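> requesting a structural model of the entry that follows:
(one chain, ligands or ions: 2)
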Amino acid sequence: MRTRRAARRGAVFLAVRGGLARMSDEVDVPEDHPRYQSLLTRHRIEAGVEKGITSTQGLIAEGRGEAFDYLLGEETIPSADRAARAAAAHFLLAEHPVISVNGNVAALVPGEVVELAEATDADIEVNLFGRTEERVRAIAAHLREYGASEVKGLTADARIPGLSHERAKVDRDGIYDADVVLVPLEDGDRAEALGEMGKTEVVIDLNPLSRSARVATVPIIDNILRALPNVARHARDLSGSPRETLTEIVEGFDREGALDAAERRLREGATRESE
Ligand code: ATP
Ligand code: MG
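Ligands and ions are numbered 1, 2, ... in the order given. You can find the predicted model right below:
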């Protein structure tokens, strides 16, 4: 996967307090504000809607996600980190890994999507619940601004079986052909249909009760702002590992345990050790 590093460097300030890299066209959120990260996130989604890359439904999804993150303690819990490592191992073992991108993902973490694609040699495909040609184009252009050399999703010459026409559209040489797919913030129905196609699904979702998380091979119950760079970090760390090591990581991952640990954290707070 080739990228235009210069473009990305120009578009993002990398050294930012607290992890979130601020984009150059971003409004001024005072960095000493106690809810800095959260305000910046909201602004990103808002800007995404204004740019035509995020749907108004995306605003509602963001609000739901924020509530879960608050309860989670706004940190990556140990089970989510194990999931991120298993996800990285799946991506490195894959024949054809694909990262599916929707409007919220594009607005929140465009640079991180490109970085993960680079680290794992994955394809990037725009895949929308409320698909419009215009929005697919806008998202693809946005991702290219952040260094993506190729963005799939515009050809839409294949269908995911079991879904109605518009929601089923994918690229034949993209998601349709993939063996491992990362579907962050995905709708439960489509996550289920992709699973039925026999794909290994990595889902990033803050809600462990969401159907998308429940059908995933690897559910990462974490904020995508933290999860995506974390998967990329694990991928860089594991790259060059023998296939047996990667297979061991994949096989040793306990998906039910990860869902349970996240649910316990949400319900009981950080009181248990078995996370
Ligand atoms: P379903 O059970 O069908 O999956 P849902 O209520 O989860 O229904 P979705 O459309 O999948 O509906 O909602 C989007 C999901 O994305 C929510 O579960 C929300 O918690 C999650 N979400 C929103 N923002 C983020 C984020 N920044 N990081 C991770 N997950 C997020
Ligand atoms: Mg869901």
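> CA only for contacts and neighbour counts going forward, please
Fine.
> low-confidence bits of this protein, can you list those?
Residue ranges of the chain with pLDDT under 70: 1-27, 271-275.
> how far away is the residue sitting nearest the centre point of it from ligand 1?
Taking Cα atoms, centre = their mean, the centroid of the chain lies closest to Pro184, which sits 3.7 Å from it. With distances taken as Cα to the nearest ligand atom, to the nearest Å, Pro184 is found 7 Å from ligand 1.
> same check on Gly188?
Gly188 is 4 Å from ligand 1, where distance means Cα to the nearest ligand atom.
> try Glu46
13 Å.
> same check, this time on Asp28
From Asp28 to ligand 1 the distance is 20 Å (Cα to the nearest ligand atom).
> and the helices in the stretch 1-150 of the chain?
5-11, 36-51, 56-72, 78-93, 103-108, 110-120, 133-145 (DSSP state H, counting those that start in this stretch).
> and the fourth one, what does it pack onto?
Packing contacts for helix 78-93, counted by 3 or more Cα pairs under 8 Å, 6 or more residues apart in numbering; DSSP states H and E, involve helix 110-120, strand 218-220, helix 224-238, helix 243-252, helix 255-268.
> buried ones in the fourth one?
Yep, that's helix 243-252 we're talking about. 246, 249-250 (16 or more other Cα atoms under 10 Å).
> how about the residues of the stretch 101-250 of the chain near ligand 1?
Residues of the stretch 101-250 of the chain lying near ligand 1 by Cα under 6 Å from any ligand atom: 185-189, 204-207, 210-212, 222-224.
> assumed Arg214 was part of a helix.
Yes. Per DSSP: H, G, I helix; E, B strand; the rest coil, Arg214 lies within a helix segment.
> ligand 2 versus that one, what's the distance?
Distance, Arg214 to ligand 2, by Cα to the ion, to the nearest Å: 9 Å.
> run a quick neighbour tally on that residue.
Using other Cα atoms under 10 Å, Arg214 has 19 other residues around it.
> same thing with Phe91?
30.
> in stretch 157-177, what counts as buried?
Neighbour-count burial for stretch 157-177 flags 158-160, 167-177 (criterion: 16+ other Cα under 10 Å).
> contacts only, for Ile224.
105, 109, 184, 204-205 (Cα atoms under 8 Å, 6 or more residues apart in numbering).
> among these, which pair sits farthest apart?
Spatial extent of those (Cα to Cα) is set by the pair Val109 and Asp205 at 14.2 Å.
> Cys105 and Glu186 touch, don't they?
In this structure residue 105 is Val, not Cys. No. Counting by Cα atoms under 8 Å, Val105 stays clear of Glu186, with 10.0 Å between them.
> common neighbours of those two, please.
With Cα under 8 Å, 6+ apart, Val105 and Glu186 have no common neighbours.
> burial measure for the residue in the stretch 1-150 of the chain that ligand 2 sits nearest to, as a count.
Residue of the stretch 1-150 of the chain nearest ligand 2, by Cα to the ion: Ala61 (9.0 Å). Neighbour count for Ala61, taken as other Cα under 10 Å: 13.
> and it, how far from Asn207?
11 Å (Cα to Cα, to the nearest Å).
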